[in-house]
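Participant: sharing a model that was predicted from the sequence below.
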Amino acid sequence: MTTTTFDPARTNEIMGNLKIIDGDSHFAEPADLWTSRAPASYKDRVPQMRRGADGVVSWYLDGEFWTGLGGHTIAKGQTKTLGTLCLPYDDIDDAAWAVKGRLELMDKQGVYAAVLYPNSIGFASNALFGIEDLEFRELVMKLYNDSLVDVQHESAGRLLPQGVLPIWDMDLTLKEMRRLLDAGMTGFTITDKPQLVNLPDLDTEYFAPMWSLANEAGSVINFHIGSGGAPNSGKSSPVGAASSDIYWQSYGPQRRLAILATQFYMSNVRVIVNLCMGNMFDRYPNVKIVSAESGIGWVPFALEAMEYQLDEMVTDPTERAVQTRRPTEYFRSNVYVMSWFEKSAMRVLDDIGVDNVMLMTDIPHPTCLFPNSREYFAEVTQNLDAETRRKIVQDNAARVYGVTVPS
């Protein structure tokens with residue numbers, strides 16, 4: 001639970017009129033998301049919430065279990081429950097899936113705008129890949145994205161969902177990107193491990209049209225931790241290993257979750273290093289890459305390691321000619337990371353780049369900053385100068401996601 005010794009007067013002194021832009025929170029799929037939008041012929045097939053024989057509410061597809069509810073720790077009355085991944089459905093506050101409820105919660109937290117990622121279906125729509133009928137998969141995906149557009153419009157732009165993409169079909173991906181961009185969406189969330197769904201690496205010709213369109217639009221490609229899982233597997237491991245390779249089997253479920261979460265935070269190092277050690281940003285200089293929910297404390301080491309290893313290991317002239325700039329230069333021009341509970345990380349902002357850091361709450365997931373987000377951010381940033389604080393609290397995220405900050 002977020003605890004802080006800051007009183008309101010001290011918080012106001014530090015935060016002033018800054019508008020917090022939450023770089024990572026999750027919006028759950030409401031019970032009627034698909035059934036309220038599906039054509040009549042698909043009403044019985046699309047995802048539906050049902051209570052199983054064990055009393056647990058889950059998502060069902062074609063009458064079969066599809067996926068769970070995702071992470072929910074904020075109960076009705078907007079109180080947080082520790083030590084759990086998901087509350088019983090009947091106990092979950094409607095801020096999880098209702099625009100009005102989420103905005104009310106944000107107002108209490110002092111948050112002006114929030115970037116939203118999926119919840120039940122996986123952080124890069126992992127569950128969609130478990131639908132074998134491609135035509136039906138496309139329908140389920142489009143209806144989901146339709147709901148995101150509705151959320152953004154209903155919130156008057158304060159909620160910024162990131163669309164999911166049908167990367168199994170590149171022509172369809174481009175069509176969906178254009179449709180969502182035309183609807184006002186600012187970015188997309190995709191898997192960092194496409195090989196787990198039998199697709200090639202992200203720098204191959206297969207993905208080039210997606211990168212080109214994102215570059216043309218200057219849009220955001222988000223890599224949220226835990227988004228590289230195989231269909232219906234939930235979160236993948238940070239290194240692609242089985243869960244038994246992450247925690248010791250003698251540990252109980254709560255300790256296992258804590259160990260898993262700790263390692264997840266650094267799992268995006270793989271995709272960030274690959275992006276910055278090649279020429280992706282020479283080819284696509286306008287693409288914004290966001291590493292979501294990954295923390296920032298590991299970034300200075302990763303940058304220093306890339307710089308060192310490039311000089312130590314990449315000596316062949318042909319290999320050296322692949323990239324025109326240093327890894328740190330690529331990172332500073334195109335990559336953004338975010339922090340929430342890390343007090344120590346505020347001491348390494350200059351090593352990362354103060355223009356590359358955002359803040360986040362991760363509401364309503366375990367370890368989210370709730371309650372007292374504003375007070376916590378005041379405490380964490382109290383020793384920063386006003387310009388740096390403004391950048392990481394407000395301006396960086398506003399620039400990346402195109403948020404108009406009210407005066």
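Facilitator: Received it, and whenever you're ready, just let me know what you need.

Participant: tell me how far P371 lies from L82.
Facilitator: Per Cβ to Cβ, to the nearest Å, P371 is found 13 Å from L82. Where C-beta positions appear, they are placed from N, C-alpha and C, glycine not excepted.

Participant: the more surrounded of these two?
Facilitator: Shown here are P371 and L82; by other Cβ atoms under 10 Å, P371 has more neighbours (19 against 9).

Participant: do I have it right that the more buried one meets K80?
Facilitator: Yes: applying Cβ atoms under 8 Å as the test, P371 and K80 come out as touching, 7.0 Å apart.

Participant: okay, now the unreliable bits of this structure?
Facilitator: Across the chain, the ranges flagged by pLDDT under 70 are 1-5, 228-244.

Participant: max-length helix in it?
Facilitator: helix 134-154 (DSSP state H).

Participant: any idea how far that helix is from the chain center?
Facilitator: Centre-to-centre, helix 134-154 and its host chain are 18 Å apart (Cα atoms, centre = their mean, to the nearest Å).

Participant: tell me the helices and strands packed up against it.
Facilitator: Contact partners of helix 134-154 among helices and strands, from 3 or more Cβ pairs under 8 Å, 6 or more residues apart in numbering; DSSP states H and E: strand 159-161, strand 163-164, helix 170-182.

Participant: out of the ones you listed, nearest to W248?
Facilitator: The closest of the helices and strands packed on helix 134-154 to W248 is strand 163-164. By Cβ to Cβ, the value is 34.4 Å.

Participant: now do the end-to-end distance for stretch 123-139.
Facilitator: 19 Å (Cα to Cα, to the nearest Å).

Participant: now it: buried residues?
Facilitator: By neighbour count on 16 or more other Cβ atoms under 10 Å, the buried set for stretch 123-139 is F123, A124, S125, N126, A127, L128, F129, G130, I131, R137, E138, L139.

Participant: possible to save those residues as a markdown table with distance to K108?
Facilitator: Below are the buried residues of stretch 123-139 laid out as a markdown table (distance: Cβ to Cβ, whole Å):
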| residue | distance to K108 |
| --- | --- |
| F123 | 25 |
| A124 | 30 |
| S125 | 30 |
| N126 | 31 |
| A127 | 31 |
| L128 | 33 |
| F129 | 37 |
| G130 | 37 |
| I131 | 38 |
| R137 | 38 |
| E138 | 39 |
| L139 | 37 |
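
Participant: secondary structure and distance to I363 added to those residues, as TSV?
Facilitator: Listed next are the buried residues of stretch 123-139 as TSV, based on DSSP: H, G, I helix; E, B strand; the rest coil; distance: Cβ to Cβ, whole Å:
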residue	secondary structure	distance to I363
F123	coil	15
A124	coil	19
S125	coil	20
N126	helix	21
A127	helix	21
L128	helix	24
F129	helix	26
G130	helix	27
I131	coil	28
R137	helix	29
E138	helix	30
L139	helix	30
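
Participant: for R50, which non-adjacent residue is closest in space?
Facilitator: Y60 (4.8 Å; Cβ to Cβ, 6 or more residues apart in numbering).

Participant: help me confirm that that neighbour is found in a strand?
Facilitator: Yes: Y60 forms part of a strand when assessed by DSSP: H, G, I helix; E, B strand; the rest coil.

Participant: enumerate every residue touching P118.
Facilitator: H26, F27, E29, G70, A124, S125, Y144, V164, T189 (Cβ atoms under 8 Å, 6 or more residues apart in numbering).

Participant: hey, what's the closest residue to the second one other than its chain neighbours bridged with?
Facilitator: Of all residues beyond its chain neighbours, the one nearest F27 is L116 (4.2 Å), with distances taken as Cβ to Cβ, 6+ apart. Using DSSP bridges, the bridge partners assigned to L116 are S25, P161.

Participant: got a list of what L116 touches?
Facilitator: Counting by Cβ under 8 Å, 6+ apart, L116 has contacts S25, H26, F27, L148, V151, L159, L160, P161, Q162.

Participant: what's the answer for L369, then?
Facilitator: For L369, counting by Cβ under 8 Å, 6+ apart, the contacting residues are T2, W340, F341, M360, T361, D362, I363, Y376, F377.

Participant: and V322, by the same measure?
Facilitator: G278, N279.

Participant: is it in a helix, a strand, or coil?
Facilitator: Once three-state DSSP is applied, V322 turns out coil.

Participant: can you give me the strands in this protein?
Facilitator: Along the chain, counting by DSSP state E, strands occupy 20-26, 48-51, 57-61, 64-67, 74-75, 79-80, 111-117, 159-161, 163-164, 187-189, 220-224, 288-292, 335-339, 357-359.

Participant: I'd like the contacts of L369 as TSV, with neighbour count and distance to S333 appended.
Facilitator: Output for those, formatted as TSV (neighbours: other Cβ atoms under 10 Å; distance: Cβ to Cβ, whole Å):
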residue	neighbour count	distance to S333
T2	19	33
W340	25	24
F341	17	28
M360	26	22
T361	27	27
D362	23	27
I363	27	30
Y376	23	30
F377	29	26
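
Participant: between the residues you listed, which sits nearest V403?
Facilitator: Checking the contacts of L369 one by one against V403 (Cβ to Cβ), the nearest turns out to be M360, at 14.2 Å.

Participant: tell me the spacing between the closest one and A345.
Facilitator: 12 Å.

Participant: and for these two, which residues touch both?
Facilitator: S339.

Participant: before we move on, the earlier item: nearest to A95, of the strands of the chain?
Facilitator: Going by Cβ to Cβ, the one of the strands of the chain nearest A95 is strand 74-75, 6.4 Å.
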